[in-house]
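Participant: predicted model, plus sequence, below.
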Amino acid sequence: MSTSTAPTQAPAEQITAPAAPPRKVRRRGERSRAASLASHGVLTLASLVALFPVAWLVYLSLGPDKNDYLHPGRIWSKMTFDNYAFVLQDTNFFDWLKSSLIVSLGTTVIGVMVAATTGYAVSRMRFPGYKKLMWVLLVTQMFPIAVLIVPMYQILSKLQLIDNYFGLILVYCSTAVPYCAWLLKGYFDTIPFEIDEAGRVDGLSPFGTFFRLILPLARPGLAVAGFYSFITAFGEVAFASTFMLSDTKYTFAVGLQSFVSEHDAQRNLMAATAVLVAIPVSAFFYLVQKNLVTGLTAGGTKG
């Protein structure tokens with residue numbers, strides 16, 4: 001007679017369920033994969049929207065005929081750099097470049113220095129009417145250019161500064177300085193006043209403290225003010241076309257008008273010139289881009 005033994009069961013403590021994978025805890029500020037993909041998609045789309053007008057302008061500048069913008073699909077089969085050759089060789093392009101750089105850099109240097117001293121004085125010193133001074137500067141931005149042209153023309157005419165680079169620089173400074181003064185005043189407010197006191201303890205004069213201690217710390221704000229002044233002078237049309245009478249003293253913005261007549265517009269040459277105009281502006285932006293974001297955000301922390 002055979003006997004069979006029933007299988008023995010393992011103790012309950014030896015039977016363990018498979019361990020669940022540890023749940024990933026998302027750290028604070030960490031985004032999910034879906035959110036990251038969505039943000040990258042939005043940024044990519046925004047970049048394409050921003051770059052499309054530039055790419056379209058470059059594409060139109062390669063069309064040999066002035067009416068190619070009406071049929072852009074035909075440009076692909078007949079692209080040429082003849083427009084650029086004509087602009088560089090048969091126009092006053094380099095005179096326009098020289099005039100634009102003289103006026104823009106002059107406005108940048110003079111305007112930023114005047115705005116920096118004004119903003120620093122209002123930020124640190126409490127003289128009678130210092131608040132009203134800033135409001136007066138703000139009010140000057142309310143007048144349209146059409147109202148200012150006539151009185152400015154009369155003033156420059158009496159000073160014999162018509163068709164003169166320095167006269168146009170002064171006009172542009174009257175536009176750039178008020179905004180830059182407000183911008184730099186807000187930035188100087190973020191610099192501790194103890195730095196000024198330390199400079200005076202070390203024997204520095206107020207000007208020495210400003211130039212040797214404050215200006216190096218205000219470099220981002222100065223970069224933003226300089227960029228604004230440069231762009232204001234480089235792309236302005238109304239003042240330049242009114243106060244500059246010689247063809248060789250036209251800026252780029254005025255020189256572009258030479259391609260437009262009453263019954264005709266050479267859009268291919270305008271597109272090529274516009275692409276060439278963008279080169280110095282892009283170079284200037286590249287030089288100051290490291291300080292632009294810092295200056296734009298820091299200048300608005302205090303009023």
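Facilitator: Received it, and whenever you're ready, just let me know what you need.
Participant: all contacts plus neighbour counts: C-alpha atoms, from now on.
Facilitator: Noted.
Participant: tell me which residue lies nearest the centroid of the chain.
Facilitator: When C-alpha atoms, centre = their mean is applied to the chain, the residue found nearest the centroid is residue 227 (5.6 Å).
Participant: my guess is that one meets residue 288, correct?
Facilitator: Yes. Residue 227 sits in contact with residue 288 when judged by C-alpha atoms under 8 Å, with a separation of 7.4 Å.
Participant: quick revisit: relative to residue 283, how far out is the residue nearest to the centre of the chain?
Facilitator: Remark: distance between residue 227 and residue 283 (C-alpha to C-alpha, to the nearest Å) = 11 Å.
Participant: and the gap between residue 52 and residue 101?
Facilitator: 27 Å.
Participant: the more surrounded of those two?
Facilitator: residue 101 (19 against 12; other C-alpha atoms under 10 Å).
Participant: secondary structure element holding that one?
Facilitator: Per DSSP states H and E, residue 101 falls inside helix 93-124.
Participant: now residue 34
Facilitator: Here residue 34 is assigned to helix 33-61, by DSSP H and E.
Participant: now do residue 148
Facilitator: Element membership for residue 148, per DSSP H and E: helix 145-158.
Participant: related to what we said a few turns ago, tell me the buried residues in the helix holding residue 34?
Facilitator: Judged by neighbour count (16 or more other C-alpha atoms under 10 Å), helix 33-61 contains these buried residues: 57, 58, 59, 60, 61.
Participant: in a markdown table: those residues, plus pLDDT.
Facilitator: Shown next, in a markdown table, are these (pLDDT from 0 to 100):
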| residue | pLDDT |
| --- | --- |
| 57 | 89 |
| 58 | 90 |
| 59 | 90 |
| 60 | 88 |
| 61 | 89 |
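Participant: quick one: which of those residues is nearest residue 142?
Facilitator: Here the nearest of these to residue 142, counting by C-alpha to C-alpha, is residue 57; it sits at 33.1 Å.
Participant: relative to residue 104, how far out is the closest residue to that closest one other than its chain neighbours?
Facilitator: Counting by C-alpha to C-alpha, 6 or more residues apart in numbering, residue 57 lies nearest to residue 271, which is 6.0 Å off, once chain neighbours are set aside. Using C-alpha to C-alpha, residue 271 is found at 22 Å from residue 104.
Participant: same check on residue 38?
Facilitator: For residue 38 relative to residue 104 (C-alpha to C-alpha), the value is 41 Å.
Participant: one more: residue 234?
Facilitator: The value you get for residue 234 to residue 104, if C-alpha to C-alpha is used, is 5 Å.
Participant: likewise for residue 160?
Facilitator: Counting by C-alpha to C-alpha, the separation of residue 160 from residue 104 is 21 Å.
Participant: settle it for me: which of these two has more neighbours?
Facilitator: Neighbours were counted for residue 160 and for residue 104 using other C-alpha under 10 Å; residue 104 has more, 24 against 11.
Participant: ok, that one - contacts?
Facilitator: Counting by C-alpha atoms under 8 Å, 6 or more residues apart in numbering, residue 104 touches 169, 229, 230, 231, 232, 233, 234.
Participant: which members of those are positioned in helices?
Facilitator: Taking DSSP state H, the ones among those that sit in helices are 169, 229, 230, 231, 232, 233, 234.
Participant: okay, and for the protein, where does confidence drop off?
Facilitator: Within the chain, the stretches with pLDDT under 70 are 1-30, 262-263, 291-303.
Participant: now with 80, please.
Facilitator: Scanning the chain for pLDDT under 80 picks out 1-33, 126-131, 134, 260-264, 287-303.
Participant: quick one on the thing from earlier: and the helix holding residue 148, what does it pack against?
Facilitator: Applying 3 or more C-alpha pairs under 8 Å, 6 or more residues apart in numbering; DSSP states H and E, one finds that helix 145-158 contacts helix 238-243.
Participant: contacts for the helix it packs on, please.
Facilitator: Outside helix 238-243, the residues touching it (C-alpha under 8 Å, 6+ apart) are 145, 149, 153, 162, 163, 164, 168, 171, 250, 251, 254.
Participant: for it, list every residue counted as buried.
Facilitator: Of all the residues in helix 238-243, those buried under the rule 16+ other C-alpha under 10 Å are 239, 240, 241, 243.
Participant: let me know the closest of those residues to residue 184.
Facilitator: For the buried residues of helix 238-243, the minimum distance to residue 184 (C-alpha to C-alpha) is 25.5 Å, reached by residue 239.
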